[in-house]
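Asker: Got a sequence here, can you build the structure:
(2 chains)
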2 protein chains.
Amino acid sequence: MPEDRITPEHGAGGEYTEKLIREVLLPQITMRGEGSVRLDDLDDGGTFPSVKGEMVLTTDAHTVDPPVFPGGDVGALAAAGTVNDLAVMGAEPVAMACSLVVREGTPVEDLERYYRSVNEVLEEVGAHLIAGDTKVLGSSDVDVIMTTTGVGRIKELVRDDGAEPGDVIIVSGTVGDHGMTILAVRQGLDADVESDVGPVWEVVEAALDAGEVKAMKDPTRGGLAGALNEMAEKAGVRMIIEEERIPMKEEVRILGDMLGVNPLQVANEGKVVMVVPEEDAEDVLAAVKSTGRGKEAEIIGRVEEGPPRVELETEIGGRTLLEKPVGDPVPRVC
Amino acid sequence: MPEDRITPEHGAGGEYTEKLIREVLLPQITMRGEGSVRLDDLDDGGTFPSVKGEMVLTTDAHTVDPPVFPGGDVGALAAAGTVNDLAVMGAEPVAMACSLVVREGTPVEDLERYYRSVNEVLEEVGAHLIAGDTKVLGSSDVDVIMTTTGVGRIKELVRDDGAEPGDVIIVSGTVGDHGMTILAVRQGLDADVESDVGPVWEVVEAALDAGEVKAMKDPTRGGLAGALNEMAEKAGVRMIIEEERIPMKEEVRILGDMLGVNPLQVANEGKVVMVVPEEDAEDVLAAVKSTGRGKEAEIIGRVEEGPPRVELETEIGGRTLLEKPVGDPVPRVC
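Answerer: Sure, this is the predicted structure:
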């Protein structure tokens, strides 16, 4: 490809678009589908293996500033974000579509990197990219928007709203890593933090095999606080979280104090929050801890009757409300 | 909703996003899914009915300037575009996901309109919107980007590359309407044209029931010329098109001459090009003509052996190459 930067022609659907796809994007993807129509057929879509019954569909537009950050990039974020939305519904990722909107002037090699990252996530979970699209914007306040859509095969359908009094709340690892990393980079701080971006399907699969999971979410925008509040509201229950049991890296805690941002309210990109019956809690926790991305999982609280809200219980017994963030403490985070 | 224009908070994933979804977008959609998890559950995704075997996935980011035009708007374009990509693979549209990226300051009522249009297309084909996402851009050279992804149940899988010598080429109606309408509006011309945007599934279904369809495409960007060239290249065949048999509105022809743009090279958004065996041609044509959107269908040419290219045969017997457009004669067209 002669150009090393994206031009409007790359989005025009003609020869340049085809060259960009064939010579830059497609070579990064090894997981191109295994069905009748694969990604490299460049047909109007691709085929995926389906099962009788129901499957899950999810979509998200991903953009992050900066697009490359410690621990990952927008490609990893897009692919993991979609895989994780399927996973928290109890669905194994099967197929993905990726629609790229890129700003004119973006280096072509950046796109190579992002698509390599997409492929790494796909390889980890065994899913395939089978459809795509490419458009170019003349101006925009972000370099790229990657809209990824995923199809998943339901292992056990898990909703947001299944929490009941007596249940126990598990988080699969340290909280606040992604959001605080993005904030630190933007502030030019040389902090020892990195994003947790990555697929959680292995974690979820282990949990589902070990016991019942009654509600599940990935705590992305709005962070742990957002995810818990949404689950409490949807189920009409009160959640009590023991503050000192929430796994958090020391550096993330320090950054939060320094920047005046609560790490419980910022995005995680490789974590999952589960509500499980008390009798299954230890089994599910052990199963999660046995996975690569779940080693630091903890039981962090319990579900009680009461008004739908989330209370943070401190070591000395005090209780404060853990509210979801009002605005967006970290815009353009995922 | 207090604000009548989109603010960054509408894309932050918090309370404002939820209000926008619940009070503005969701009320426009009646086709919200029929499965375990529907659009109005606002879960991490939705469920769709699946079948054993294979299904089709397709995605496209849609943006058009202006977003409202004679005959439709970006919502209709996005929904029909995705439905049509499924249809030309021989798949019945089942479920759709829609990811909205909107520029700050866009009137909220514009979004209402676009989602109403999405719903009209869904109603026409009996498919459901089951997943979505909303993000806000601070600046961008377009108001909205609607990335729609569709899942389809295969009736008969039709590829791009099945054309063989002896086959006949059918187009389902007049050519050039969408692209020339957009061009006319941008030039401020008061022309009697309107976009053909709409779903072609009914047309395709009728054709598949009437005979064999060996290759099929929707002639969007690049127009009829682009679609035919792609099919000729993929199959390694020569296509001969009889110029006077191509259905085209007189006004579209006049606009093309006036603006110096070939209507055969601009986008159609409610048409389909089919390659069928000669013995099935009349049956397929009659079936297509019996549908609402296929009344002006015509047999426009034939497939021959020879170098992969498209030749335009004029009434007096002359032949010229019908090439795909080099650049993009109408940028931001779909």
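Asker: can you tell me which helix or strand A:G301 belongs to?
Answerer: When elements are assigned from DSSP states H and E, A:G301 belongs to strand A:298-304.
Asker: hmm, who's touching the following helix or strand past that strand?
Answerer: Per DSSP H and E, the first helix or strand lying C-terminal to strand A:298-304 is strand A:309-313. Here strand A:309-313 makes contact (CB atoms under 8 Å, 6 or more residues apart in numbering or on different chains) with A:225, A:228-229, A:232, A:238-243, A:301, A:319-323. (Glycine included, C-beta is placed from N, CA and C.)
Asker: care to break chain A down by domain?
Answerer: Residue ranges of the domains in chain A are recorded as A:8-154, A:168-321, according to automatic domain parsing.
Asker: Close to chain B: what parts of the stretch 101-250 of chain A are there?
Answerer: The stretch 101-250 of chain A has residues A:101, A:130-133, A:135, A:137-142, A:145, A:147, A:149-152, A:154, A:157, A:159-160, A:217-218, A:220-222, A:226 near chain B, with proximity defined as CB under 8 Å from any CB of the partner chain.
Asker: Please work out which residues outside the longest helix seen in chain A touch it.
Answerer: Counting by DSSP state H, the longest helix found in chain A is helix A:108-125. With CB under 8 Å, 6+ apart as the test, helix A:108-125 has contacts from A:1, A:3-6, A:20, A:24-25, A:28-31, A:67-68, A:72-76, A:78-80, A:83, A:92-93, A:96, A:98, A:100, A:102, A:128-129, A:143-144, A:146, A:148, A:198-199, A:201-202.
Asker: Please save the CA atoms from the next helix or strand after it in CSV.
Answerer: Next along the chain after helix A:108-125, taking DSSP H and E as the criterion, comes strand A:128-137. Extracted C-alpha coordinates of strand A:128-137, given in CSV (Å, rounded to 0.1, in the frame of the first residue of the first chain):
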residue,chain,number,x,y,z
HIS,A,128,-14.0,-15.7,14.8
LEU,A,129,-14.3,-12.4,13.0
ILE,A,130,-16.6,-13.0,10.1
ALA,A,131,-17.9,-9.6,9.0
GLY,A,132,-16.6,-6.1,8.8
ASP,A,133,-16.9,-2.6,7.4
THR,A,134,-14.6,0.4,6.9
LYS,A,135,-15.5,4.1,6.8
VAL,A,136,-13.4,7.2,6.9
LEU,A,137,-14.3,10.5,8.7
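Asker: Show me what strand A:128-137 is packed against.
Answerer: The contact analysis (3 or more CB pairs under 8 Å, 6 or more residues apart in numbering or on different chains; DSSP states H and E) places strand A:128-137 against strand A:46-50, strand A:91-103, helix A:108-125, strand B:53-62, strand B:144-154.
Asker: Starting from the strand holding A:G301, tell me which strands it pairs with and how they run.
Answerer: Paired strands of strand A:298-304, with direction, are strand A:168-171 (antiparallel), strand A:238-242 (antiparallel) (DSSP bridges).
Asker: now for the ones you listed, which one comes closest to A:A281?
Answerer: In terms of CB to CB, the element of these nearest to A:A281 is strand A:168-171, at 4.1 Å.
Asker: Mind listing what's buried along the closest one?
Answerer: Judged by neighbour count (16 or more other CB atoms under 10 Å in any protein chain shown), strand A:168-171 contains these buried residues: A:V168, A:I169, A:I170, A:V171.
Asker: picking up where we left off before, may I see the helices and strands packed on strand A:128-137 organised as CSV, with mean pLDDT added?
Answerer: Listed next are the helices and strands packed on strand A:128-137 as CSV, based on pLDDT from 0 to 100:
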stretch, mean pLDDT
strand A:46-50, 98
strand A:91-103, 97
helix A:108-125, 98
strand B:53-62, 97
strand B:144-154, 97
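Asker: Tell me which of the ones you listed lies nearest to A:M258.
Answerer: Nearest of the helices and strands packed on strand A:128-137 to A:M258, taken as CB to CB: helix A:108-125 at 29.1 Å.
Asker: Find the residue at the geometric middle of chain A.
Answerer: Centroid-nearest residue in chain A: A:G81, 3.0 Å away (criterion: CA atoms, centre = their mean).
Asker: Surely that residue is within a strand?
Answerer: No - A:G81 is assigned helix when assessed by DSSP: H, G, I helix; E, B strand; the rest coil, not a strand.
Asker: which one is it nearest to, not counting chain neighbours?
Answerer: Closest residue in space to A:G81, ignoring its immediate chain neighbours: A:D60 at 5.3 Å, by CB to CB, 6 or more residues apart in numbering or on different chains.
Asker: And for the one you found, the neighbour number?
Answerer: As a burial measure, A:D60 scores 27 neighbours (other CB atoms under 10 Å in any protein chain shown).
Asker: Next, the contact list for it, please.
Answerer: A:D60 neighbours (CB under 8 Å, 6+ apart): A:A78, A:G81, A:T82, A:D85, A:T147, A:T148, A:T149, B:S99, B:D133.
Asker: of the contacts of helix A:108-125, buried ones?
Answerer: Buried residues within the contacts of helix A:108-125, counting neighbours by 16+ other CB under 10 Å: A:6, A:20, A:24-25, A:28-29, A:31, A:67-68, A:72-76, A:78-80, A:83, A:92-93, A:96, A:98, A:100, A:102, A:128-129, A:143-144, A:146, A:148, A:198-199, A:201-202.
Asker: What residues are bridge-paired with the residue nearest to A:G81?
Answerer: Beta-bridge partners of A:D60, counted by DSSP bridges, are A:T148.
Asker: do you know how far it is from A:T220?
Answerer: As judged by CB to CB, to the nearest Å, A:D60 and A:T220 stand 9 Å apart.
Asker: Give the residues shared as contacts by the two.
Answerer: Shared contacts of A:D60 and A:T220 (CB under 8 Å, 6+ apart): A:G81.
Asker: Could you give the average pLDDT over stretch A:249-261?
Answerer: The average pLDDT for stretch A:249-261 rounds to 96.
Asker: in that stretch, what counts as buried?
Answerer: A:K249, A:E251, A:V252, A:L255, A:G256, A:L259, A:V261.
Asker: Any idea how many residues pack against A:K295?
Answerer: 14.
Asker: Likewise for A:R309?
Answerer: Look at A:R309: counted by other CB under 10 Å, it has 16 neighbours.
Asker: how near is it to A:T320?
Answerer: In terms of CB to CB, A:R309 sits 11 Å off from A:T320.
Asker: same thing with A:G256?
Answerer: Look at A:G256 and A:T320: by CB to CB, they are 16 Å apart.
Asker: Contacts only, for the residue nearest to A:A297 when sequence neighbours are not counted.
Answerer: Closest residue to A:A297 apart from its sequence neighbours, by CB to CB, 6+ apart: A:V288 at 4.3 Å. Residues in contact with A:V288, defined by CB under 8 Å, 6+ apart, are A:I170, A:S172, A:V203, A:A206, A:A207, A:A210, A:M274, A:G294, A:A297.
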